[in-house]
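A.B. asks: Quick one, what's the 3D model for this:
(one chain, ligands or ions: 1)
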Amino acid sequence: MYQHDGPMDGRPEQLTAALNGATPIGWWRAPGRVNLIGDHTDYCEGFVLPMAIDRDCLLAVAEADGGRIRVRSLELDGVVDLDAAGRDDPRTVEPAWGRFVAGAVQVVNERGASLPGLDIALSSTVPAGSGLSSSSALAVALTFALAQLGELKLDRREIARDALDAEVRATGVPGGLMDQLASLYGEADHALLIDCRSLDVEAIAIPPDLAVIVVHSGLPRTLADSEYAQRRADCERAAGGLGLPTLRDATFDQVRDDPRARHVVTENERVLAFARALRDGSINELGPLLNASHASLRDDFEVSTPELDQLVHALMEAGAMGARLTGAGFGGCVVALTAAKRAQRVISDATERYQGVTRLTPIPFVAHGSEGARHSLAP
Ligand code: NG1
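C.D. replies: Residues are numbered from 1 along each chain as shown. Down below sits the predicted model:
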């Protein structure tokens with residue numbers, strides 16, 4: 001799943017070939033996302049501001065006999081072979097990437113879908129393990145496809161919830177809903193302000209003279225799952241201690257002395273300020289908000305690493321307007337904003353500096369806001 005040199009050409013032909021001559025009855029795609037600002041707020045019913053990116057998971061689906069769902073991937077090894085009625089336990093399916101398929105099959109069956117046998121070929125250009133939601137792109141594409149093929153009438157919010165459910169069944173990690181909503185509601189050249197309580201989504205245009213740079217630190221996200229669950233538990237405990245359902249309702253005064261909760265409350269404020277500045281064209285305000293978010297994730301929420309800090313520093317030294325770790329942290333990617341005309345220069349200066357200090361190989365790209373998940377009859 002690790003593709004960094006842009007969307008693959010020839011995927012439809014390769015996917016059709018992987019179906020062994022069967023004719024696809026439909027194609028589904030779901031993008032990954034980069035979160036511009038608002039991390040570790042979604043599971044506190046807070047605010048997030050992700051952007052669906054031009055990297056996606058693409059499925060070609062053909063009908064098959066025998067009540068089985070068979071899935072092949074162009075990038076991942078093994079064939080996933082499951083009961084279409086959802087009797088497989090997502091936690092034990094092999095190969096392990098098939099757990100997402102099993103989760104989605106189970107969820108739509110529980111919703112009342114009756115799935116035919118299917119042959120599915122898939123391919124993803126979302127870099128795995130980097131905080132760009134490769135697993136959500138996979139779960140959304142599968143849930144969207146299976147819900148439609150099982151004739152469920154679900155709106156996009158319901159698909160997002162079911163895709164999250166599928167992911168949690170597959171991984172056991174209690175994630176929030178940001179990634180799935182971003183993948184479903186994406187719009188070209190827009191970021192999305194999402195209220196994770198009401199699930200309202202507002203698309204906000206990214207000015208064309210602004211570039212969103214994403215750089216993978218070269219550091220895999222090793223601790224992300226266990227630490228993630230701990231951070232989430234910290235936030236739930238803090239809210240409980242204040243007698244609140246979630247930290248969404250906490251004020252700064254209430255959390256002043258609790259760094260974890262303080263991060264959530266201040267990050268929500270930064271997301272809203274960032275959204276306002278984007279809407280008003282107050283571009284100069286964006287960078288400092290990104291930097292403040294990184295500092296809060298590093299110092300209060302403690303999900304950064306020395307390498308991510310180095311990469312943020314290198315991007316700032318190279319002239320970025322602002323930079324921050326993005327996603328759960330503990331490795332993975334950093335996001336930065338620059339003037340579009342300076343993007344390539346910032347990327348080359350920052351990556352050279354970072355590589356010199358850390359000896360890691362960073363992988364940069366410029367991300368473009370893209371449209372959300374969709375179904376089509378032809379690729
Ligand atoms: P990443 O690690 O970027 O896929 C995770 C969660 C999000 C959110 C961010 C932190 C999953 C699937 N996703 O995203 O819901 O909580 O961390 O903001 O667990």
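A.B. asks: how close does the residue nearest to Ser370 when sequence neighbours are not counted sit to the ligand?
C.D. replies: Excluding the flanking residues, the one nearest Ser370 by Cβ to Cβ, 6 or more residues apart in numbering is Asp54, at 4.4 Å. Every residue, glycine included, has its C-beta placed from N, CA and C. Per Cβ to the nearest ligand atom, to the nearest Å, Asp54 is found 17 Å from the ligand.
A.B. asks: same thing with Gly329?
C.D. replies: 8 Å.
A.B. asks: Tell me how far that residue lies from His216.
C.D. replies: The spacing between Gly329 and His216, counted by Cβ to Cβ, to the nearest Å, is 13 Å.
A.B. asks: what's the answer for Leu76, then?
C.D. replies: 19 Å.
A.B. asks: for the stretch 251-379 of the chain, which spans come out with low pLDDT?
C.D. replies: Judged by pLDDT under 70, the stretch 251-379 of the chain has no weakly predicted residues.
A.B. asks: At which residues are the strands of it located?
C.D. replies: All strands of the stretch 251-379 of the chain, identified by DSSP state E, counting those that start in this stretch, fall at 322-325, 333-339, 363-367, 374-376.
A.B. asks: Which of these sits closest to Thr16?
C.D. replies: strand 374-376 (14.0 Å; Cβ to Cβ).
A.B. asks: what comes into contact with that closest one?
C.D. replies: With contacts defined as Cβ atoms under 8 Å, 6 or more residues apart in numbering, strand 374-376 is touched by 26-29, 144-145, 148.
A.B. asks: now do stretch 143-158
C.D. replies: 26, 28, 30, 59, 61, 104-105, 107-109, 111-116, 118, 120, 159, 162-163, 166, 181, 184-185, 199, 372-373, 375.
A.B. asks: can you check stretch 85-97 too?
C.D. replies: 67, 73, 76-78, 80, 82, 99-103, 105-110, 115, 138, 166, 169-170, 172.
A.B. asks: So how do I select the buried members of those in PyMOL?
C.D. replies: Buried residues within the contacts of stretch 85-97, by 16 or more other Cβ atoms under 10 Å, are selected in PyMOL with:
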select buried, resi 73+76+80+82+99+100+101+102+103+105+106+107+108+109+115+138+166+169+170
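A.B. asks: Now intersect the contacts of stretch 85-97 with the strands, please.
C.D. replies: The members of those that map onto strands under DSSP state E are 73, 80, 82.
A.B. asks: Gly98 is in contact with the last one, correct?
C.D. replies: Pointing back at Leu82 there. Yes. Between Leu82 and Gly98 there is a contact at 7.0 Å, judged by Cβ atoms under 8 Å.
A.B. asks: which residues are common contacts for those two?
C.D. replies: Val71.
A.B. asks: one step back: quick one: neighbours of the residue nearest to Ser370, just the number.
C.D. replies: Neighbours of Asp54 under the rule other Cβ atoms under 10 Å: 19.
A.B. asks: Following the record's annotation, map out the domains of the protein.
C.D. replies: Domains of the chain are assigned by automatic domain parsing as 7-201, 207-367.
A.B. asks: So for the first one, mean pLDDT?
C.D. replies: The pLDDT scores in domain 7-201 average 95.
A.B. asks: Name the residues that touch stretch 291-300?
C.D. replies: Contacts for stretch 291-300 (Cβ under 8 Å, 6+ apart): 37-40, 259-260, 262-263, 266-267, 270, 303-304, 308-309, 312, 316, 322-325, 329.
A.B. asks: secondary structure element for Ala233?
C.D. replies: helix 224-241 (DSSP states H and E).
A.B. asks: For that helix, name the packing helices and strands.
C.D. replies: helix 259-280 (3 or more Cβ pairs under 8 Å, 6 or more residues apart in numbering; DSSP states H and E).
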